[in-house]
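S.K.: Please work out how this folds:
(chains A, B, C and D)
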Number of protein chains: 4
Amino acid sequence: MTASTKGIGFAVARRLAQQGAHVVLSSRKQENVNAAIEQLAAENLPVSGTVCDAEKTEDRKNLVQLALDKYGGIDYLFSSAATEAVSKDILETTKEDWDENLNLNLMAMFFLVQEVFPHMQKRGGGSIVLNSSVLGFAGIPTVGPYSVSKTAVNGLIKVLAPALAPMNIRVNGLAPGLIRTDYSTRSLIDAGERMKTVSGRQGDFQELDQEAFLGYLQTIFGFSRLGEPEECAGIVSFLLSSDASYITGEIIVVGGGYRSRI
Amino acid sequence: MTASTKGIGFAVARRLAQQGAHVVLSSRKQENVNAAIEQLAAENLPVSGTVCDAEKTEDRKNLVQLALDKYGGIDYLFSSAATEAVSKDILETTKEDWDENLNLNLMAMFFLVQEVFPHMQKRGGGSIVLNSSVLGFAGIPTVGPYSVSKTAVNGLIKVLAPALAPMNIRVNGLAPGLIRTDYSTRSLIDAGERMKTVSGRQGDFQELDQEAFLGYLQTIFGFSRLGEPEECAGIVSFLLSSDASYITGEIIVVGGGYRSRI
Amino acid sequence: MTASTKGIGFAVARRLAQQGAHVVLSSRKQENVNAAIEQLAAENLPVSGTVCDAEKTEDRKNLVQLALDKYGGIDYLFSSAATEAVSKDILETTKEDWDENLNLNLMAMFFLVQEVFPHMQKRGGGSIVLNSSVLGFAGIPTVGPYSVSKTAVNGLIKVLAPALAPMNIRVNGLAPGLIRTDYSTRSLIDAGERMKTVSGRQGDFQELDQEAFLGYLQTIFGFSRLGEPEECAGIVSFLLSSDASYITGEIIVVGGGYRSRI
Amino acid sequence: MTASTKGIGFAVARRLAQQGAHVVLSSRKQENVNAAIEQLAAENLPVSGTVCDAEKTEDRKNLVQLALDKYGGIDYLFSSAATEAVSKDILETTKEDWDENLNLNLMAMFFLVQEVFPHMQKRGGGSIVLNSSVLGFAGIPTVGPYSVSKTAVNGLIKVLAPALAPMNIRVNGLAPGLIRTDYSTRSLIDAGERMKTVSGRQGDFQELDQEAFLGYLQTIFGFSRLGEPEECAGIVSFLLSSDASYITGEIIVVGGGYRSRI
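M.R.: Okay, here's the model as predicted:
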């Protein structure tokens, strides 16, 4: 698993560990890996973990090798991504912003799948869930390059699923809506700040508080409330399980009604 | 539950009963209701059931009343439909074919939801799954009016979800691909027969056997194999459960990779 | 053409007449037919027209017969629909509302196509445009049965296109966003009135004026301004023309950026 | 315009020149630029042109500068892309293949828009059409990284449209199906060759000829015949024109019925 020490990734890791899976966590930061392992150990859920910058070939190989060494094989993969600079207006996007989003959210995910699938093939099959976003279906200009990268993840799922089906490997996606995480909270504050100063396009917000802003977003995007990371864990666990044996190539929106696609 | 005595509906009923739910089956035919109840009783799964032609207001009311009388309230609804005359070319569709598909697959489903939701509201919430089809996303001319009715079911889910969200009622859809049921088997044979005689548009099938035809369909629609009814039961059970608390307004394709939508 | 005496339908009729097409208008009301013919005559655009309630088999036959009698054949069809009771909350939808929307917007349209296509086939081909709506992609609960019927129209286009392709007949859809017509204006006022009294779900609108409400809708649905009926005419004319010879089965959104689908 | 010296791009350039537009062609190869200019000159259609590798910042700036120098401003942009190595199986995709597709088809297009839009803003508005593909909606594993890049282009259009709407700049997409071009012909042959040797997933093609293969593709993807480059030119011309004033953020499929999305 990548990006699994906080937020949605961590909730998924905990859920899988609770269900008895052998979990290998990873994150780009050692302290996050340590904190996640300690927290789960305190819940009597022993997991392994390593630092992994999934953009780096060597790191991807190490992560896979750790799973093989520890548990002798790989059956499941949940791959998330933790871009820092997501809340970027599309018109102000620099080459650096662009590369950060497209490399971390998309390229790294693809090449991790390439690293992993031969090991699933050896075991006779497997199940992969890639973390996308509702923004992949209904992009927002002020979260521009991130939105584009997530649309691309959806496309990636669509070509990987039929390619891996003959090996009995399923590939699906999770498309979370607005989930209460560090990232979404920061995005909300960022977006709110921008709206206070940038008048015009999105209405007039002279005295914006976060509560009002959330209400505003709910109206625009049609969801009922913020989701919790744990509310994403059930569907990932389900998609990875054999109970989902006839589901592949699908992207499941967990958005509380977020207006996305038909 | 409607149309729950055979195929997908029956698999869902059994699954829910196995998980301890109080299930009320229904079907348009008394013998199907009896057979289903007997079969589940033999598996030590006691369920209730009644004849219900969901096109009739009175029958819908009776079905709901039975659930209330038996169990004191309604928390979940799975509504399927069992059209007989599905495999109809769109160009040869009569007013009777049209009405049969649009009334049974769509209208009856909608008014059953209308009958049920106030009872969920009294209980503080609930969860509804409507049975759609991949044909709702990728219609086939030779299954014309059925395809149109299923596209409409998808639209219905999209407007019901936000309308019922304030009552804490979630509404989702199941979109099965080609599942091994009486209906799909009959459709395959019908379609194969038609292809033998109608040359041109779909290639040349002088000596068609069902196996070859299935391979042909797999190539066209991209799925890996026929699904089993049981492979639809897990996701319905999941969507109805509180584990799916942040999923509403979504339609989940269970199609083994069937080419449907991005 | 159906529903072609006002709004979008009229704008399309005028545009086609300007380009030299032989146009047969229709509407359910004689005075609307007369007014439209007079208006176009005053612009030196002679067109024919007749009363036609497209829900009635006889009326559809008469409309087709008129075109055949006048001009010897049919090459193009633009079919719209003019439901009166569109702005209906899905939860309050009666059987009467349901039937009105599903029959007029969907059933009538389908059977008109059935009536027309053999005449196109005789001429060696033709082009059909059916009027759908962005609400078919992104339904709104307070315009419930209308939204569902328009989703179904999209499904109908998808099955008609491959069925008619061997006859060299193309079938596409127009999906207008919020266009300045009698209907949209009335809808806006209706919706605004409802919002004033129904607090909660959609914010608080004690003193709503139409201008503020429009701004509010723009924010929610992402479009830049109201469209004009004439802004739908160009694309319909284009789709009907041979310039669109390789476009079939597509639904074109004319919504000024209205948030609809990827 | 980029990639406008052959195939679809060239057909669009010719069409716009026929309608009196001042056209600036470009391509990565000088001989292609020369040939295109000569050909159009022979048709009495004078256009400008330059070599431009749109992946390079400097080249993009030069292309824009040429248009400004020649004609004093920019009103329209059609941006295509001409990847050489498109027909690549997703499972065999190297980092080099990946970068080639994602950089040329997506990144270069985005930064060209960034270069161009301020000049449109100065003129009070403009219209942009980006070349996507049906593979962006319905990706094919054997054209893997290309499919992903085109899905991403669709996402890019969706975020650019609302961002540029306040400047009166519209952004739409063209999604061609299988068009008779050097690229599609080569792809067909490549794919056919692969199918002959790789048995299993896609059926058995011992003695494949191109005609049979085309019939096979038609059955799979539902289109009626190969399209001609000229059949893409009309819609691009239309979308760029003021006749499409209320169409923005849309992607128009020109696929002869190619099975893509609802």
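S.K.: Surely A:Gly73 is in a strand?
M.R.: No: counting by DSSP: H, G, I helix; E, B strand; the rest coil, A:Gly73 falls outside a strand, being coil.
S.K.: ok, now which ones touch it?
M.R.: A:Ala67, A:His119, A:Lys122, A:Arg123 (CB atoms under 8 Å, 6 or more residues apart in numbering or on different chains). C-beta here means a position set from N, CA and C on the backbone, and glycine is covered the same way.
S.K.: For A:Thr50, state which of these is nearest.
M.R.: Distance ranking of the contacts of A:Gly73 against A:Thr50, using CB to CB, places A:Ala67 first at 9.3 Å.
S.K.: Do I have it right that that closest one meets A:Leu77?
M.R.: No: the pair A:Ala67 / A:Leu77 is not scored as a contact, 9.2 Å apart, by CB atoms under 8 Å.
S.K.: how distant is the longest strand that chain A contains from the center of its chain?
M.R.: Counting by DSSP state E, the longest strand found in chain A is strand A:169-176. Averaging C-alpha positions (CA atoms, centre = their mean, to the nearest Å) puts strand A:169-176 10 Å from its chain's average.
S.K.: what about that strand, near chain D?
M.R.: No: applying CB under 8 Å from any CB of the partner chain, one finds strand A:169-176 separated from chain D by no less than 10.5 Å.
S.K.: tell me which residues in that strand are buried?
M.R.: A:Ile169, A:Arg170, A:Val171, A:Asn172, A:Gly173, A:Leu174, A:Ala175, A:Pro176 (16 or more other CB atoms under 10 Å in any protein chain shown).
S.K.: And the average pLDDT for that strand is what?
M.R.: Taken as a whole, strand A:169-176 has a mean pLDDT of 97.
S.K.: Show me what that strand is packed up against.
M.R.: Other helices and strands packing on strand A:169-176, by 3 or more CB pairs under 8 Å, 6 or more residues apart in numbering or on different chains; DSSP states H and E, are helix A:108-122, strand A:126-131, helix A:144-164, helix A:230-240, strand A:251-254.
S.K.: starting at the chain centroid, how far to the last one?
M.R.: The one in question is strand A:251-254. 11 Å.
S.K.: for the second one, same thing?
M.R.: Taking the mean of its C-alpha atoms, strand A:126-131 sits 11 Å from the chain's own mean (CA atoms, centre = their mean).
S.K.: Also the third one?
M.R.: Taking CA atoms, centre = their mean, the mean C-alpha location of helix A:144-164 is offset from the chain mean by 12 Å.
S.K.: what mean pLDDT would you report for that helix?
M.R.: 96.
S.K.: Same check on the second one?
M.R.: In this model, strand A:126-131 has an average pLDDT of 97.
S.K.: repeat for the fourth one
M.R.: Mean pLDDT, computed over helix A:230-240, is 97.
S.K.: Show me which residues of the stretch 151-262 of chain A sit near chain D.
M.R.: A:151-152, A:154-156, A:158-160, A:162-164, A:166, A:200-201, A:262.
S.K.: Among those, which pair sits farthest apart?
M.R.: Among those, A:Pro166 and A:Gly200 lie farthest apart (CB to CB), at 52.5 Å.
S.K.: the more surrounded of those two?
M.R.: A:Pro166 (11 against 7; other CB atoms under 10 Å in any protein chain shown).
S.K.: Leaving out sequence neighbours, find the closest residue to A:Ser142.
M.R.: For the record, residue A:142 is Thr, not Ser. Nearest residue to A:Thr142 in three dimensions, chain neighbours excluded: A:Asp89, at 5.1 Å (CB to CB, 6 or more residues apart in numbering or on different chains).
S.K.: hang on, the earlier thing: which of the residues of the stretch 151-262 of chain A next to chain D count as buried?
M.R.: A:Thr151, A:Ala152, A:Asn154, A:Gly155, A:Leu156, A:Lys158, A:Val159, A:Leu160, A:Pro162, A:Ala163, A:Leu164, A:Ile262.
S.K.: near chain B too, which of the residues you listed?
M.R.: A:Asn154, A:Gly155, A:Lys158, A:Pro162, A:Ile262.
S.K.: so the second one touches D:Pro145, yeah?
M.R.: No: no contact is recorded between A:Gly155 and D:Pro145 when judged using CB under 8 Å, the distance being 9.9 Å.
S.K.: Can you work out which residues contact both of the two?
M.R.: Among the neighbours of A:Gly155, none is also in contact with D:Pro145 (CB under 8 Å, 6+ apart).
S.K.: what about A:Ser245, distance to D:Ala11?
M.R.: 47 Å (CB to CB, to the nearest Å).
S.K.: Have a look at those two and say which one is more surrounded.
M.R.: D:Ala11 (21 against 18).
S.K.: Just give the closest residue to the more buried one, not the sequence neighbours.
M.R.: D:Pro229 (3.7 Å).
S.K.: so how far is chain C from that neighbour?
M.R.: As judged by CB to the nearest CB, to the nearest Å, D:Pro229 and chain C stand 10 Å apart.
S.K.: what do you get for A:Thr94?
M.R.: With distances taken as CB to the nearest CB, A:Thr94 is found 25 Å from chain C.
S.K.: next one: A:Val12
M.R.: 25 Å.
S.K.: List the buried residues of the helix or strand hosting that residue.
M.R.: A:Val12 belongs to helix A:7-18 when assigned by DSSP states H and E. Buried residues in helix A:7-18, counted by 16+ other CB under 10 Å: A:Gly7, A:Ile8, A:Gly9, A:Phe10, A:Ala11, A:Val12, A:Ala13, A:Arg14, A:Arg15, A:Leu16, A:Ala17.
S.K.: Packing partners of that helix?
M.R.: Applying 3+ CB pairs under 8 Å, 6+ apart, we find helix A:7-18 packed against helix A:30-42, strand A:76-79, helix A:230-240.
S.K.: So A:Phe10 sits against A:Met1, correct?
M.R.: No: A:Phe10 sits out of contact with A:Met1 when judged by CB under 8 Å, with a separation of 9.5 Å.
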